[in-house]
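Trainee: Sequence first, predicted coordinates after that:
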Number of protein chains: 2
Amino acid sequence: MKNNEFVKEITNIDENFAKWYTDIVLKADLADYTDTKGCIAIKPYGYAIWENIKDYTDKKFKKTGVKNTYFPLLIPESLLQKEKDHVEGFAPEVAWVTEAGGEKLEEKLCIRPTSETIISTMYSKWLSSWRDLPYLYNQWCNVLRWEKETRPFLRSREFLWQEGHTIHETAKEAEERTLQMLEVYADVVENLLAIPVIKGIKTEKEKFAGADATYTIETMMYDGKALQSGTSHYFGQNFTKPFNIKFQNREGKEEYAYQTSWGISTRLIGAIIMAHGDSRGLKLPPKVAPTQVVVVPVAMHKEGVKEKATELYNNLAENFRAEIDVRDQYSPGYKFNDWEMRGVPIRIEIGPRDIENGVCVLVRRDTAEKIVVNLEEVNTKIAEMLEDIHNNMYKVCKERMEQKTTIAYTLDEFIQNMNTNQGFIKSMWCGDVECENKIKELTAAKSRCMPFEQEKISDTCVCCGKKAEKMVVWGRQY
Amino acid sequence: MKNNEFVKEITNIDENFAKWYTDIVLKADLADYTDTKGCIAIKPYGYAIWENIKDYTDKKFKKTGVKNTYFPLLIPESLLQKEKDHVEGFAPEVAWVTEAGGEKLEEKLCIRPTSETIISTMYSKWLSSWRDLPYLYNQWCNVLRWEKETRPFLRSREFLWQEGHTIHETAKEAEERTLQMLEVYADVVENLLAIPVIKGIKTEKEKFAGADATYTIETMMYDGKALQSGTSHYFGQNFTKPFNIKFQNREGKEEYAYQTSWGISTRLIGAIIMAHGDSRGLKLPPKVAPTQVVVVPVAMHKEGVKEKATELYNNLAENFRAEIDVRDQYSPGYKFNDWEMRGVPIRIEIGPRDIENGVCVLVRRDTAEKIVVNLEEVNTKIAEMLEDIHNNMYKVCKERMEQKTTIAYTLDEFIQNMNTNQGFIKSMWCGDVECENKIKELTAAKSRCMPFEQEKISDTCVCCGKKAEKMVVWGRQY
């Protein structure tokens, strides 16, 4: 009967959000720390969430013509160095293989922090004519970035992701692809994970190392901090020139291709935890929940209860990701807490009196609301309820984002807003990196993006007071 | 119009099988060499085959209760060394990360050649009671083994695979799981890839480093050589003791768990190429072919041809993995060769006269047989034909395996058989590793396995003449 009061062991969400987060990761069996510092083991319950994200996203990719591939994990040092900004951005945080097969290597190999360089080398080898274009390739793989401070899912040295890499005949086509993939990500995060996003373009300072433009979807967590949830980069010819990715164009002339890359990662599991979780634990969006509905028999020792509950479970399992909890070492109360903590969207309680009345009790994880349902209607009711839970979870996040988004006209206002209501701040920005640096120094907030949906707040930069035409959304970040 | 006569560029399969193999890998667009020596890039056409294998296998796994997980890529040196046989087997061929994040590491980390050690460490941490058992976990991931000689798919330094790792309450349950997973692999290779297998147990010499028993499925390639296509290992307590994987058993006493592991890899793509390919190129089993049927319009410039072909394609695409080839820079003849070389099971030719008659022509890749089919019947006919192609491809491999399997009673016979009809040799073996070594030295053949289906060939070892009770299947190997 160990851990029978385990919910009490979760740190209070409003007291110490960081500790609450770690508690959830460990106690909900999503992942665990390993002997490889900064790297986690993703447990079945956590990995099943990733599989659901992956399946959904991969289908969306394929509908837009994307095909999957696989490129080497190890990148020779000389390749990494071909694009100046890129190497400056990534070299400090890579891990190097220097010995292999019992020998010291002549050229050291880095473990990919991202694969632009190795993929560009292959594209250069393969591409010949405009007829071959576009290449719309993606890979689902692991990457490694030697972060100083790590947190499970949010900032793990090794993480799982997908990286799409496309090349195109024209700049226009590549730019359109960049935005198309950002829309796919927005769809994944809003319609699968039930988290509203802000779409926009990164400032020069915040863009990807080597990109002409980085587009982003930004989400807000429970504590008002931002999580960058997916990015899509337009490279122009920044890589195709140093990597010599040329093709014969329709006029028979040689031309460098136009390139994009885009990615989402297991960090999204961190977003789910931090956007939806509450004092009772994890709260999973129904569409990615590994278990959407769990049947908990009450008074399981009484005749016929286990049988009827199992019959109900078998019926549900045909339509939903269902579980039944028949562990005899735990009380129903323990199980209720356990499944709540693990974030299962709907719990079904069924005991002797329910069975007598031909009903069962549905309990929503998001609102704790209970309803009594006829056993004949249970499939329909659950389908409706899952839909409703998704919509409500989205709405709760949306309302929080609205409440925690303020406008600042001056630096003083900016500082006060951020200190009293940590969240997003909308303000005008002159375009100067010095103002970004100053704001970061004073408030620890960074520019999240220049949203596609611009608002004309004022004419002057919130920081320096000079003429400003762009509205930026700012926030502290994970 | 480059490469218009490219089929001629494929090396003759009977002249130089190794070169033929490489030609197919490159020309059928399955994979390519990279700047990372010994590592390949898997192109979309090759990767799609892997995805089909993965999807099918993963579903089979899950039906037996297996769940997916993800463990770190990097393993600290101290962990790798905990199991004596294991480290001896793998340490010589691992790659070491010695620098990361701009610093030299205190303890070097190896890139996983397989994950028994890191996974066992976590199991030790997680396991507490018999109620927690079994753990039936698997991961789909990349691994790295620093091979001296590499070949695309067959022996690549980095390769993709799945590795299942289970722990159990009893030895019996673990042994049953080991055999259960071998049956899953046999099903994948026979029913998906259309390649017959021999199931058996490896000799002491050939078993996995650290295992009590290694079970294998062995397949025969076009040239009579063997390819080990999947293995399943029973570890007993070999890892659970050094890694301290203990649980409280039903009697309340501490006990070490019983363990298994099992894997298949992208090597299976090599098996497909070498078991089925012929002088015209790749020949893909219908169930894993990324394209099962391709529509090639003939006289595409004539009115209505492209439209009718597209209509046919759209109709087919609802039921099959279909393509249409409307490239206008190539002749139909070129396209026929191209799709044959790429191994597509069925090609459909449709030209003006066919359209007039309401028919199209189906051409089988495996037999080159052509049949004229009414357009109304085309879906049914293709479904039947794909089934028939699968069965025929399996039959062709099976017959070859029978023709190239001989019996040897003496060492002289053994040598002669292997030199005149390279293939499998069945013979009795005394159990002494010295005989295995001698046979390898004289014939380059190794014991493939002691098949489950034993035959009593004689009473004496083919090598030393001593008493022998086990029949071994021998063969040269990839």
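Mentor: Yes, it's here.
Trainee: Quick check: phi and psi on the residue of the stretch 301-450 of chain A found nearest chain B?
Mentor: Chain B sits closest to residue A:329 of the stretch 301-450 of chain A, with a gap of 6.8 Å, by C-beta to the nearest C-beta. (C-beta placed from N, C-alpha, C; glycine too.) Main-chain torsions, residue A:329, degrees, to the nearest 10: phi -90, psi 0.
Trainee: cool, and residue A:459?
Mentor: phi -100, psi -10.
Trainee: Looking at it now. What's its pLDDT?
Mentor: The model reports residue A:459 with a pLDDT of 96.
Trainee: Buried residues, stretch A:233-244. List them.
Mentor: For stretch A:233-244, burial by neighbour count (16 or more other C-beta atoms under 10 Å in any protein chain shown) applies to A:233, A:234, A:235, A:236, A:237, A:238, A:239, A:240, A:242, A:243.
Trainee: whoops, stretch A:304-322 was the one
Mentor: Quick answer for stretch A:304-322 (16+ other C-beta under 10 Å): A:305, A:306, A:308, A:309, A:312, A:313, A:316, A:320, A:321, A:322.
Trainee: How about the stretch 351-478 of chain A: which residue is closest to chain B?
Mentor: For the stretch 351-478 of chain A, C-beta to the nearest C-beta, closest residue to chain B: residue A:478, 19.9 Å.
Trainee: which non-adjacent residue is nearest that residue?
Mentor: With C-beta to C-beta, 6 or more residues apart in numbering or on different chains as the criterion, residue A:478 has its nearest non-adjacent residue at 4.8 Å, and that residue is residue A:227.
Trainee: Distance check, the closest residue to residue A:288 other than its chain neighbours against chain B.
Mentor: In space, residue A:288 comes closest to residue A:52 once its chain neighbours are excluded; the distance is 4.3 Å by C-beta to C-beta, 6+ apart. With distances taken as C-beta to the nearest C-beta, to the nearest Å, residue A:52 is found 11 Å from chain B.
Trainee: cool, residue A:154 as well?
Mentor: Counting by C-beta to the nearest C-beta, the gap from residue A:154 to chain B is 16 Å.
Trainee: can you pull the contacts of the residue lying closest to residue A:332 once chain neighbours are set aside?
Mentor: In space, and not counting its chain neighbours, residue A:332 is closest to residue A:298: 4.9 Å by C-beta to C-beta, 6+ apart. If you count contacts by C-beta atoms under 8 Å, 6 or more residues apart in numbering or on different chains, residue A:298 has them with A:305, A:332, A:349, A:350, A:351, A:352, A:354.
Trainee: Among the residues you listed, name the buried ones.
Mentor: Counted by 16+ other C-beta under 10 Å, those give A:305, A:349, A:350, A:351, A:352, A:354 as buried.
Trainee: OK, contacts around the fourth one?
Mentor: Right, residue A:351. Residues near residue A:351 by C-beta under 8 Å, 6+ apart: A:297, A:298, A:299, A:302, A:305.
Trainee: And for the second one?
Mentor: Residues touching residue A:349, when contacts are defined by C-beta under 8 Å, 6+ apart, comprise A:296, A:298, A:332, A:336, A:360, A:361, A:363.
Trainee: Repeat the analysis, applying 10 Å as the threshold.
Mentor: By C-beta atoms under 10 Å, 6 or more residues apart in numbering or on different chains, the residues touching residue A:349 are A:294-298, A:309, A:332, A:335-336, A:360-363, A:370, A:372.
Trainee: Tell me the secondary structure at it.
Mentor: At residue A:349 the chain is in strand, as set by DSSP: H, G, I helix; E, B strand; the rest coil.
Trainee: excluding its backbone neighbours, what's nearest it?
Mentor: residue A:361 (4.3 Å).
Trainee: Would it be right to say that that neighbour lies in a strand?
Mentor: Yes: under three-state DSSP, residue A:361 sits within a strand.
Trainee: Just list whatever residues bridge to it.
Mentor: Residue A:361 has these beta-bridge partners by DSSP bridges: residue A:349, residue A:372.
Trainee: so what's it up against?
Mentor: Contacts of residue A:361 (C-beta under 10 Å, 6+ apart): A:296, A:298, A:347, A:348, A:349, A:350, A:351, A:354, A:370, A:371, A:372, A:373.
Trainee: what does residue A:116 give?
Mentor: A:75, A:79-80, A:82-83, A:86, A:90, A:163, A:165, A:208-211, A:233, A:235, A:238-239, A:243, A:259, A:261.
Trainee: Out of those residues, which are close to chain B?
Mentor: Filtering the contacts of residue A:116 for proximity to chain B by C-beta under 10 Å from any C-beta of the partner chain leaves A:75, A:79.
Trainee: Can you name the next helix or strand after the helix or strand where residue A:167 lies?
Mentor: Here residue A:167 sits within strand A:158-168, counting by DSSP states H and E. Going down the chain from strand A:158-168, the next helix or strand is helix A:171-187, by DSSP H and E.
Trainee: Settle this for me: residue A:154 is touching residue A:266, isn't it.
Mentor: Yes: at 9.4 Å, residue A:154 counts as touching residue A:266 under the criterion of C-beta atoms under 10 Å.
Trainee: related to what we said a few turns ago, adding pLDDT and secondary structure, write the buried residues of stretch A:233-244 out as JSON lines.
Mentor: As requested, the buried residues of stretch A:233-244 are exported to JSON lines (pLDDT from 0 to 100; DSSP: H, G, I helix; E, B strand; the rest coil):
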{"residue": "A:233", "pLDDT": "98", "secondary structure": "strand"}
{"residue": "A:234", "pLDDT": "98", "secondary structure": "strand"}
{"residue": "A:235", "pLDDT": "97", "secondary structure": "strand"}
{"residue": "A:236", "pLDDT": "98", "secondary structure": "strand"}
{"residue": "A:237", "pLDDT": "97", "secondary structure": "coil"}
{"residue": "A:238", "pLDDT": "95", "secondary structure": "coil"}
{"residue": "A:239", "pLDDT": "95", "secondary structure": "coil"}
{"residue": "A:240", "pLDDT": "97", "secondary structure": "coil"}
{"residue": "A:242", "pLDDT": "95", "secondary structure": "coil"}
{"residue": "A:243", "pLDDT": "96", "secondary structure": "coil"}
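Trainee: Among those, which one lies nearest to chain B?
Mentor: Proximity of the buried residues of stretch A:233-244 to chain B (C-beta to the nearest C-beta) peaks at residue A:243, which lies at 11.1 Å.
Trainee: ok, the residue of chain A most remote from its centre - contacts?
Mentor: Here chain A reaches farthest from its C-alpha mean at residue A:303, the gap being 46.0 Å by C-alpha atoms, centre = their mean. Neighbouring residues of residue A:303 by C-beta under 10 Å, 6+ apart: A:352, A:355.
Trainee: in which helix or strand would I find it?
Mentor: Taking DSSP H and E as the definition, one finds residue A:303 inside no helix or strand.
Trainee: distance of it from residue A:333?
Mentor: The gap separating residue A:303 from residue A:333 is 22 Å, by C-beta to C-beta, to the nearest Å.
Trainee: Equivalent analysis for residue A:215, please.
Mentor: 48 Å.
Trainee: the more surrounded of these two?
Mentor: residue A:215 (27 against 12; other C-beta atoms under 10 Å in any protein chain shown).
Trainee: Tell me the helices and strands packed up against the host helix or strand of the more buried one.
Mentor: Using DSSP H and E, residue A:215 maps to strand A:213-220. On a contact count with 3 or more C-beta pairs under 10 Å, 6 or more residues apart in numbering or on different chains; DSSP states H and E, strand A:213-220 meets helix A:171-187, strand A:198-201, strand A:226-236, strand A:258-265, helix A:267-276, helix A:378-403, strand A:446-451, strand A:470-475.
Trainee: Just list the residues touching residue A:127, thanks.
Mentor: Going by C-beta under 10 Å, 6+ apart, residue A:127 touches A:133, A:135, A:167, A:240, A:244, A:245, A:246, A:247, A:248, A:256, A:257.
Trainee: What of residue A:89?
Mentor: Residues near residue A:89 by C-beta under 10 Å, 6+ apart: A:83, A:113, A:114, A:207, A:208, A:209, A:210, A:211.
Trainee: That one should be in a strand, yeah?
Mentor: No: checked against three-state DSSP, residue A:89 lies outside a strand; its state is helix.
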